[in-house]
Structure formats: structure tokens, C-alpha cells
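Undergrad: Take this sequence and fold it.
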Amino acid sequence: KIASRLTPPAPKKEEGQPQVSAPEKISSSENLDQEGIRLNNEGVALMDKGRYFDAVQSFEAARKLIPGDVTILQNLYRVWLMQGYRQLEGKEYEKSIESFKEALKVSDQSPELYKLMGMASLSLQDENSASEYFKVYIKLVPDDLEVDRILGEILYKQNKLEEGIKFLKIYLASNPGDSRIRDMVSKAGREMTAEQGFDTREGEHFDVRFDGSQNMEAGYLVVELLESAYRRIGAELNYYPSEHMVTILYSDEDFQHVPQTPGWAKGLYDGKIRIPIGGLKEKSRILERVVTHEYTHAIIHQMTGARCPTWLNEGLAQYFEGEPVEGIAGTAGLILKSRDFIPLKKLEGSFLNLDAKSAAMAYTESYTVVDHIIKAHGIYAVQKLLSDLSGGADAESALRSAVGADYNGLQEDWLKYLAQNYS
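TA: This next block holds a predicted model:
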């Protein structure tokens, strides 16, 4: 069995409109170009109607006729800001970033823009850009502890441990009761100790860290396996992460100590892929399975923001490994014979606290239910499931949309599938 601890999704952007003063008209009695005045006042009227794109054109034209006018520049800043915020609310994240950048070109008077661009970048899963925007923002607004936390988590995920710990500790100083962040700081400290002297092998999409004096061959091998999984699973799920993913190879002892995994775990995804590699120096089917399994968890986490129920997450991870592991058929046969199984609703949460018998049943159910869904409805049903979960749907609503059945209906069809395949 392979453990998975998925971190919570990035916080949503703050609610509420930005504090922006009303646009200002220019009196026609001013000793200025009258066409420029008209265009400015036209822009104000368009802003009042919420026609921000058209208002931008009017203010830009007015600026050309009356260069440097403070009122026009302020109006242009306001309309870019309001347009960017509307785009952010409408989940047009790339457009919102461009609008905020245009606002900054006119007037770099609001640090909040860097925070908004950071949040938009997070929504685009562009953590590199997000961290740069947040770094600028935190220099200007050093007392925003929530951004300290978000920035610290991004840097930790990118394995920039020392820098990430610095921001997380700033946050913890005022939030000592946040056990999740406190545990993250402790784990980061253990990682820094364990990874002293580690080498990094950079693939096209992965950064694999390992002890080069012990695991040089394994480091190159895991990069190759990860890149293969990236292409194969990406084609199945129609999703290819753009950010480099950190993968760390440990000795068996450090794998138990650093992330503090259960003794039965053969791999872990907790925002980073972690694999105990021992003295492995050549490809094996077991290693290929573990790498594929953990990469599947990573991609599902990115696709759904940790909203995927565990039975689906674990089922897909096993499905993409290839042929089922030894023991699946026997447990499936027992389920079919006894009709005794764990309802899928109860398998939405973590499997880590299940006893050995229940865990075997949970993993078997997860694999066979996913195999049934794909055989009966195609991989597109899985894509639809993950897309709806990403959009905020609960598991049962997503199921109804993707396969036309709730949990009860799915379980009935699944038992028929077991009878056809495991009797």
C-alpha cells in the first residue's frame, strides 16, 4: 500500500471589491484640449456603466491629447484595476494579471495589486510567478501574515527549505496554534538535515533530489520513469502540469524519519513525491509501480485541489500502475461472495487509520470501482469526474454527472462487474 497525504488547496482570493475612489470628470472650462476633456468624461460615463474595456480606450485617447494630466492618469489606473478585478472574479486569471500590470504601469500606488496577481497566478498553478509577486507584496506590506504563510508553503513545496521556513516562522509567531504549519516547519527542518549534500537531477518536468554518493543510478532512473508517467497519464487524463515537481529519494531509514510515514508505506505524496530507494541501482517493476502511483496522486491533487475522494484517488493510482497487484482478485472474490464491503461514502477520507483487513478491502474496492467506471463509461467519465470535483461539486453529484448514478447505483453496477470478472 502507498500512503497519500494531500495538502489543502491554496486559499481563494479575498472577497469584496477593491477600495477605489470614483472616477473624476474634467470641467470644460479648464484650459485644456477640449477633445481630451470630452474623451475623459466619456470614459467616466462608460466606467459608471461597467463598460471598462471601452473606458480604457477613451482614457488612453484622452491621455495622448493631454499628456501627464493627473485626473486622466488616475482614471486610467482606476479602470485597469476594476477591469482586472472583474476578470479575477470571472476566473479569467491571465487577463486579470495583464490588467493589473497595466494599472501598475500607470501608477504603482497599490501594493494590493501584487497580492492579487499572486493569487491569480496560484489559480493558474504558476507557483514561480506567484512567489515573485508575493515577495514584492510582502516587502511593501510586511504585516500580512496570511501571505507570509502562503509564500512559505510555496517555497517549501519548491524545496527552497530555508527561505520557506523563514516566512512560515513569521506566520507562526502570531499563530502558534496552527498545528499544520508547525508540523510543516518541523518536517522542513528534518528535510534540511537529511538532504545535506544531496544532488539534483533535473528532468523536463521534474527535479529529483537524491544522495549522489549512494543513489546516482536511481536518480537518473526515477527521472526517466517520472517523465514516462507524465506523458502516459497526461494523455489519459488530458492534463500536463506545467510546474516542475519535486521528488526526493531517501534511504529506507530517512523515509521513515523525515515525513514520518507508516511502516507499510512504499511511497508518499504530500506536496512532494517521496520514495524510499535504498540501494536500488536498476529498474524494477516495483519501483515503476511506486513512481507511477505517487505521480498519479500528484497530478490528481493538482487537477482537483485536494477535493478528490480517496477511493477515486487510490483507485486511479492503482489503475495507472498497470495489472492489479497480488491479492486484489482474492479480496474481490471475498467481497462478491459475502456482499460485505465498505460503502464508498465511507471511503472518501484517508485510509491511513484503517486496520490491515479494512485497508485491503478499501484498496481493492477503490481499484475495482475505478476499473469498472473506465470499462463501462470510458476514461472520459473519469476526466468529467475530476473536472466537476475541481469545480467544487461533491463526490456524489460529480458521479451523477459523469456516470449517471449515485453511490447506491454505482455500487449495484460494481457488484455486477465483480461477478463478471472475479467469480
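
Undergrad: Need the pLDDT of Arg5.
TA: With respect to pLDDT, Arg5 has a value of 35.

Undergrad: go on, Gly279?
TA: Listed pLDDT for Gly279 reads 58.

Undergrad: can you check the one 10 residues further on too?
TA: Looking at Arg289, its pLDDT is 91.

Undergrad: how many neighbours does it have?
TA: Neighbour count of Arg289, defined by other Cβ atoms under 10 Å: 21. Where you see a C-beta, it was placed from the backbone N, CA and C, and this is true even at glycine.

Undergrad: in what helix or strand does it lie?
TA: Taking DSSP states H and E as the definition, Arg289 sits inside helix 285-304.

Undergrad: Could you name the helices and strands sitting against that helix?
TA: Packing contacts for helix 285-304, counted by 3 or more Cβ pairs under 8 Å, 6 or more residues apart in numbering; DSSP states H and E, involve helix 212-237, strand 268-269, strand 273-276, helix 310-319, helix 379-390.

Undergrad: Using TSV, please lay out the ones you listed together with mean pLDDT.
TA: What follows is those, written out as TSV (pLDDT from 0 to 100):
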stretch	mean pLDDT
helix 212-237	88
strand 268-269	89
strand 273-276	90
helix 310-319	96
helix 379-390	95
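
Undergrad: Turn the ones you listed into TSV, including distance to Ile165.
TA: Output for those, formatted as TSV (distance: least, Cβ to Cβ, whole Å):
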stretch	distance to Ile165
helix 212-237	24
strand 268-269	20
strand 273-276	18
helix 310-319	29
helix 379-390	30
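
Undergrad: and Thr247, that one's in a helix?
TA: No. Counting by DSSP: H, G, I helix; E, B strand; the rest coil, Thr247 falls outside a helix, being strand.

Undergrad: so it touches Leu225, yeah?
TA: No. Counting by Cβ atoms under 8 Å, Leu225 is not a contact partner of Thr247; they are 9.9 Å apart.

Undergrad: mind checking pLDDT for His257?
TA: At His257, pLDDT is 85.

Undergrad: ok so, going back, of all the helices and strands packed on helix 285-304, which lies closest to Leu418?
TA: Among the helices and strands packed on helix 285-304, the nearest to Leu418 by Cβ to Cβ is helix 310-319 (14.0 Å).

Undergrad: Could you check the angle the helix or strand just after the closest one makes with helix 310-319?
TA: The first helix or strand that comes after helix 310-319 along the chain, using DSSP H and E, is helix 328-338. Interaxial angle, helix 328-338 versus helix 310-319 (axes from the mean of the first three to the mean of the last three Cα atoms, to 10 degrees): 140 degrees.

Undergrad: For whatever helix or strand comes next after helix 328-338, name the packing helices and strands.
TA: Moving toward the C-terminus from helix 328-338, the next helix or strand (DSSP H and E) is helix 356-377. For helix 356-377, the helices and strands in contact under the criterion 3+ Cβ pairs under 8 Å, 6+ apart are helix 310-319, helix 328-338, helix 379-390, helix 395-403, helix 407-422.

Undergrad: I'd like the ones you listed written out as CSV, with distance to Ile37 added.
TA: Shown next, in CSV, are the helices and strands packed on helix 356-377 (distance: least, Cβ to Cβ, whole Å):
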stretch, distance to Ile37
helix 310-319, 61
helix 328-338, 77
helix 379-390, 49
helix 395-403, 54
helix 407-422, 65
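
Undergrad: So for Leu76, which of those sits nearest?
TA: Closest among the helices and strands packed on helix 356-377, using Cβ to Cβ: helix 379-390, at 35.9 Å.

Undergrad: List the contacts of that closest one.
TA: 236-238, 300, 303-305, 307-309, 312, 316, 370, 373-374, 395, 397-399, 401-403 (Cβ atoms under 8 Å, 6 or more residues apart in numbering).

Undergrad: Buried residues in it, which are they?
TA: For helix 379-390, burial by neighbour count (16 or more other Cβ atoms under 10 Å) applies to 381-390.

Undergrad: Dead centre of this structure: give me the residue that sits there.
TA: By Cα atoms, centre = their mean, the chain has its centre lying nearest to Gln302, at 3.7 Å.

Undergrad: ok, it to Leu418 distance?
TA: Separation of Gln302 from Leu418 (Cβ to Cβ, to the nearest Å): 32 Å.

Undergrad: Can you list the low-confidence ranges for this protein?
TA: For the chain, the stretches flagged by pLDDT under 70 are 1-19, 215, 262, 264, 278-282.

Undergrad: Helix or strand for the closest residue to Ile286 other than its chain neighbours, just tell me which one.
TA: Sequence neighbours aside, Lys266 is the residue nearest to Ile286 in space, at 7.7 Å (criterion: Cβ to Cβ, 6 or more residues apart in numbering). Applying DSSP H and E as the criterion places Lys266 outside every helix and strand.
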